[in-house]
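Novice: I would like the atomic coordinates for the input below:
(one chain, ligands or ions: 2)
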Amino acid sequence: MDFSISEEQKMIQEAAREFAQNELLPGVIERDETQKFPAEQVKRMGELGFMGMMVDPKYGGSGLDTVSYTLVMEELSKIDASSSVVVSVNNSLVCWGLETYGTEEQKIKYLKPLATGEIIGAFCLSEPEAGSDATSQKTTAIDKGDHYILNGTKNWITNGNSASVYLVIAQTDKDKGHKGINALIVEKGVPGFEIGPKENKLGIRGSDTHSLNFNDVKVPKENRIGEDGFGFKFAMKTLAGGRIGIASQALGIAAGAYELAKKYAKERKAFGTEIANHQAIAFKLADMHTQIEATRLLVYKAARDKDIGANYDLSGAIAKLHASKTAMDTTIEAVQIHGGNGFVKDYHVERLMRDAKITQIYEGTSEIQKIVISRSILRN
Ligand code: CAA
Ligand code: FAD
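Specialist: Ligands and ions are numbered 1, 2, ... in the order given. From the prediction side, this is the model:
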């Protein structure tokens, strides 16, 4: 098997690395502390073609493959996971869903500005009583002929206030269970659509997470994605790819923390020598490196599966499960290697540790990934 990346992919990786160093790193601590959304940085990422990476250029995208996308996600996440989650949601959950299942009119009206980064999108599945148990949708979209009337609450929505376009999952026909769910495109600012306060979070504090309320919101029928009742499958298929994005985010967080820890261990002296010369520290670095290398292969495998048209439900879930554990384990050890300095903000690793945790929760918790994986392996 060939695990090398092409010259073009190397150039894309390098562009993302430079951007992250030059434009994400300055201010990342302040954005985390003040929970400031990285609006200027997102605008720049649009200019660099990062907001619609896999979208066909005829709809404003960069027309790249999934492997290139994971390379960019890794580089951005080494520095700022609050910015990379905006990229992940916009690319994997919003643009991919619209390009794959949207009508030509929806693509021209919504996908184009989303893919160029002129506007950003949000994906709204979770509710107060429907997180992991995603089929238990309480939000309703009642069919009124040429439109739907949307009522209910979504919570934990990434890009909650910054988005202009929201893909909202809602129950139309309760009797049909998950086959009675639809996915609707809702524009910000329509009557009855209210955005709740920003969540005050442990990590990815620059990302704006909000609950959303829909009170008799009128949504035209032409804003439904796919056939009547396709909404739950739409969400599952979209999330399967989203999990590759979050796996690469977790990989980046781990790799970022590892790089900082290795550098620190080679500089910091204790007992008359660099701490890297103490085997306890060297072995920590060896474990971190091994876990990261294994994770990278799993992420590339899942991305490649998607690129060659193979099924990636299983490989994406495996990659996310493993990558998020790697992110958590690695960042905890990176803090330990930094000693007291690891506990203060200036050294970055405490933020990476706080950011790592979300990768085990969103786009399906680790327990949910194990449900997806076990069902898949037991099916055969
Ligand atoms: N592709 C296509 N269809 C799929 C599918 C997939 N990957 N996974 C499930 N389905 C279909 C099933 O085939 C089934 O349809 P049929 O009855 O026609 O066969 C239907 O969906 C229901 O599936 P299940 O019976 O397996 O449903 P379940 O109730 O047992 O739940 C689950 C399955 C995997 C646990 C699902 O509920 C799930 O993924 N939960 C986690 C939700 C989640 O990941 N939320 C993330 C929100 S977005 C987010 O978090 C973004 C962010 O932070 C940045
Ligand atoms: P629950 O489902 O209540 O789970 C609680 C615990 O029980 C977890 O440990 C879970 O793994 C476990 N559990 C539940 N069911 C089972 C089971 N069957 N077997 C074993 N264990 C189980 N959602 C969106 O739709 N869009 C977004 O943009 C978005 N962004 C988010 C951003 C942030 C910062 C956060 C925190 C969440 C975001 N989410 C988003 C929601 C996220 O996807 C959910 O939080 C997640 O799916 C878990 O749902 P829950 O919080 O309701 O937890």
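
Novice: contacting residues around the closest residue to residue 96 other than its chain neighbours?
Specialist: Spatial nearest neighbour of residue 96, excluding adjacent residues (Cβ to Cβ, 6 or more residues apart in numbering): residue 241 at 5.5 Å. Where C-beta positions appear, they are placed from N, C-alpha and C, glycine not excepted. For residue 241, the contact set (Cβ atoms under 8 Å, 6 or more residues apart in numbering) comprises 66, 92, 96, 306, 312, 316.

Novice: just the element for residue 241, please.
Specialist: helix 231-267 (DSSP states H and E).

Novice: what's the average pLDDT for the helix or strand just after that helix?
Specialist: From helix 231-267 onward toward the C-terminus, using DSSP H and E, the following helix or strand is strand 269-270. For strand 269-270, mean pLDDT is 98.

Novice: what does stretch 216-224 give?
Specialist: On average, stretch 216-224 scores 98.

Novice: end to end, how far does that stretch reach?
Specialist: Stretch 216-224 has an end-to-end distance of 16 Å (Cα to Cα, to the nearest Å).

Novice: name the nearest residue to whatever residue of the stretch 1-150 of the chain ends up closest to ligand 2, ignoring sequence neighbours.
Specialist: Across the stretch 1-150 of the chain, the shortest distance to ligand 2 (Cβ to the nearest ligand atom) belongs to residue 131, at 1.8 Å. What sits nearest to residue 131 in space, not counting adjacent residues and going by Cβ to Cβ, 6+ apart, is residue 156, at 7.7 Å.

Novice: with just CA atoms, put the helix or strand where the one you found lies into PDB.
Specialist: Using DSSP H and E, residue 156 maps to strand 147-158. Only the C-alpha atoms of strand 147-158 are listed here, as PDB (Å, rounded to 0.1, in the frame of the first residue of the first chain):
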ATOM      1  CA  HIS A 147     -44.300  24.800   2.900                       C
ATOM      2  CA  TYR A 148     -43.400  23.300   6.300                       C
ATOM      3  CA  ILE A 149     -44.100  24.900   9.600                       C
ATOM      4  CA  LEU A 150     -41.100  24.300  11.900                       C
ATOM      5  CA  ASN A 151     -41.300  24.200  15.700                       C
ATOM      6  CA  GLY A 152     -38.800  23.100  18.300                       C
ATOM      7  CA  THR A 153     -35.400  23.500  19.900                       C
ATOM      8  CA  LYS A 154     -31.900  22.500  18.700                       C
ATOM      9  CA  ASN A 155     -29.000  22.700  21.000                       C
ATOM     10  CA  TRP A 156     -25.200  22.600  20.900                       C
ATOM     11  CA  ILE A 157     -25.200  24.100  17.400                       C
ATOM     12  CA  THR A 158     -21.700  24.900  16.100                       C
END
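
Novice: quick one: it near ligand 2?
Specialist: Yes. For strand 147-158, a contact with ligand 2 is found by Cβ under 6 Å from any ligand atom, at 156, 157, 158.

Novice: immediately after that strand, which helix or strand?
Specialist: strand 165-171.

Novice: can you list the residues that contact that next one?
Specialist: 93-94, 97-98, 110, 114, 119-125, 137-141, 148, 150, 152, 154, 157, 180-188, 212, 214, 225, 231-232, 234-235.

Novice: tilt between the following helix or strand past that strand and strand 165-171?
Specialist: Using DSSP H and E, the helix or strand that follows strand 165-171 in sequence is strand 181-187. For strand 181-187 against strand 165-171, the angle by axes from the mean of the first three to the mean of the last three Cα atoms, to 10 degrees is 150 degrees.

Novice: and the residue in the stretch 201-350 of the chain positioned nearest to ligand 1, how close does it get to residue 333?
Specialist: Here the stretch 201-350 of the chain gets closest to ligand 1 at one residue, residue 236, 3.4 Å apart by Cβ to the nearest ligand atom. From residue 236 across to residue 333, the span is 34 Å (Cβ to Cβ, to the nearest Å).

Novice: more neighbours, these two?
Specialist: Neighbour count, other Cβ atoms under 10 Å: between residue 236 and residue 333, residue 333 has more, with 23 against 16.

Novice: neighbours of residue 118, just the number please.
Specialist: With other Cβ under 10 Å as criterion, residue 118 counts 13.

Novice: whoops, I mixed them up, residue 170
Specialist: Applying other Cβ under 10 Å, we find 28 residues neighbouring residue 170.

Novice: for it, give the beta-bridge partners.
Specialist: Beta-bridge pairing for residue 170 (DSSP bridges): residue 182.

Novice: now residue 149: closest residue in space, sequence neighbours ignored.
Specialist: Residue 149 sits nearest to residue 142 (Cβ to Cβ, 6+ apart), 4.8 Å away.

Novice: whoops, residue 81 was the one
Specialist: Closest residue to residue 81 apart from its sequence neighbours, by Cβ to Cβ, 6+ apart: residue 355 at 4.1 Å.

Novice: surely the one you found is within a helix?
Specialist: Yes. Residue 355 forms part of a helix when assessed by DSSP: H, G, I helix; E, B strand; the rest coil.

Novice: please enumerate the strands of the protein.
Specialist: In the chain, the strands defined using DSSP state E lie at 121-124, 140-143, 147-158, 165-171, 181-187, 193-198, 209-220, 269-270, 273-274.

Novice: spell out which parts of the stretch 1-150 of the chain neighbour ligand 1.
Specialist: 85, 89, 123, 125, 126, 132, 134, 135.

Novice: again, 8 Å this time
Specialist: Proximity of the stretch 1-150 of the chain to ligand 1 (Cβ under 8 Å from any ligand atom) is limited to residues 85, 88, 89, 93, 123, 125, 126, 131, 132, 133, 134, 135.
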